Structure formats: C-alpha cells, structure tokens
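Novice: give the three-dimensional model of this entry:
(one chain, ligands or ions: 2)
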Amino acid sequence: MLRLTLAGTDTLVTTPLCAACHHSPAGCCAAPPRVALADLARIVLRGGRDFLLAELRAGRLLPGPGNMWLVLPRRPHPSGVLACGYLGPSGCVLPPDRRSSTCNIYICDEALARDDDPATASRTRTVRDDLETELAHLDAELAARAAAHFPSGPPLDAPFLDWLGDTFRTLPPKR
Ligand code: SF4
Ligand code: SF4
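Specialist: Numbers count the residues shown, from 1 in each chain. Ligands and ions are numbered 1, 2, ... in the order given. Purely as a prediction, here's the structure:
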C-alpha cells in the first residue's frame, strides 16, 4: 500500500492507511509541522517564492520566532477538529513542492507496521529517518548562515527568500 518516491529532499511517501488514521480524523494534519528554513529554500527552488509571500500576506502562513521558520495555522476542519488550514475535505490542497518535507515524508511507525509489504515499510522507515537527519543538518546550516548574513534577523521578503534558495543550493551534503 505504501508508495515511496525517492527524490532527495523532494522524496514523497503516501499511503491510503492515513485515510483511516486511528489518532485523529484529520490525521497528522491536526498537528501541522513548522515550515523550516530548509523547507522554505526547497519551495523557493521549485518556483514557490511568490507563493510563500502571497500566503504570508494572506495570513495562511505565519512567521515563527526570528523569522527562522513559518507556522501553519490551524483552523476548524469539517471533521470537527482543529487542523492545518491547508487540509481540505479530501486531503491536503497543496502540491508536494509547496509543503514542508515533514508533510511529504512523515509516516508513523504504527502505519508502517500495518502495511502489507514489510520490505517496503522497512525501506520507508530508513528513508524517513535518514532524510529527517539530513534536513535537520541542512536547516542548522541555513540558520547559522542566515544569522551571520542578517544579524538583525532575516526579513521575510523576496530578496531573503532568493538568498535562501541560492544558499541552499550550495550547501554540502551531510558527511
Ligand atoms: S502517519 Fe500515522 S498518525 Fe499520521 S495520518 Fe498516517 S496513520 Fe495517522
Ligand atoms: S500542509 Fe498539507 S500535509 Fe502539511 S499539515 Fe497542512 S494539510 Fe497536512
């Protein structure tokens, strides 16, 4: 049932098991992740700079502390729970290249254990864990460079997002 699409930081994991999530009618989207600097950079490199600025202006994304990450605000969902504002009646309304990597790769161990293909589930767990480590490394690098480049705190504007995308492209992979 698992579908694992390997594509570096654009890797995507999907499974229909999440439609019957035992934790919440809104699944993981009841507790949306932050959109970290590495996520912002990836979205910019996929052509989403103006999308981010428009969503910030509309209040569908909110700045986190120091502008070092963004918040996905929760709103009432038709299922009756509070959930990410991008969760529609049939799932996330954003394409994968406009979401955080966590939205694209996270799948809980319980869902992995329920999958009918243990080999793919095991491979997915490894990919998920490795990518989370890699993204944490990239995010820390970006945060350090942003703090040095913008000592008063990075502005959430077009030049900063362009700088973020360009800097992300030059980061060395984790050793
Ligand atoms: S990953 Fe797990 S907790 Fe998240 S929606 Fe799927 S089944 Fe639910
Ligand atoms: S952006 Fe989409 S996948 Fe991520 S928490 Fe919001 S609704 Fe869920």
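Novice: can you list the residues of this structure near ligand 2?
Specialist: 29, 32, 72, 84, 86-87, 92, 94, 99, 103 (C-beta under 6 Å from any ligand atom). For glycine as for every other residue, the C-beta is placed from the backbone atoms N, C-alpha and C.
Novice: if we go to 8 Å?
Specialist: Residues of the chain found near ligand 2 (C-beta under 8 Å from any ligand atom) are 27-29, 32-33, 72, 83-88, 91-94, 98-100, 102-104.
Novice: start and end of stretch 7-14, how far apart?
Specialist: Distance between the two ends of stretch 7-14: 14 Å, counting by C-alpha to C-alpha, to the nearest Å.
Novice: close to ligand 1, is that stretch?
Specialist: No: residues of stretch 7-14 contacting ligand 1 under C-beta under 8 Å from any ligand atom: none, with a closest distance of 8.9 Å.
Novice: buried set for that stretch?
Specialist: Under the neighbour-count criterion of 16 or more other C-beta atoms under 10 Å, stretch 7-14 has 9, 11-13 buried.
Novice: let's have those in a markdown table, adding pLDDT and distance to residue 39.
Specialist: What follows is the buried residues of stretch 7-14, written out as a markdown table (pLDDT from 0 to 100; distance: C-beta to C-beta, whole Å):
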| residue | pLDDT | distance to residue 39 |
| --- | --- | --- |
| 9 | 92 | 9 |
| 11 | 96 | 13 |
| 12 | 97 | 14 |
| 13 | 96 | 16 |
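Novice: now tabulate the residues you listed in CSV and tack on secondary structure and distance to residue 148.
Specialist: Shown next, in CSV, are those (DSSP: H, G, I helix; E, B strand; the rest coil; distance: C-beta to C-beta, whole Å):
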residue, secondary structure, distance to residue 148
9, helix, 23
11, coil, 29
12, strand, 33
13, strand, 34
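Novice: having no further points to raise, I will conclude here.
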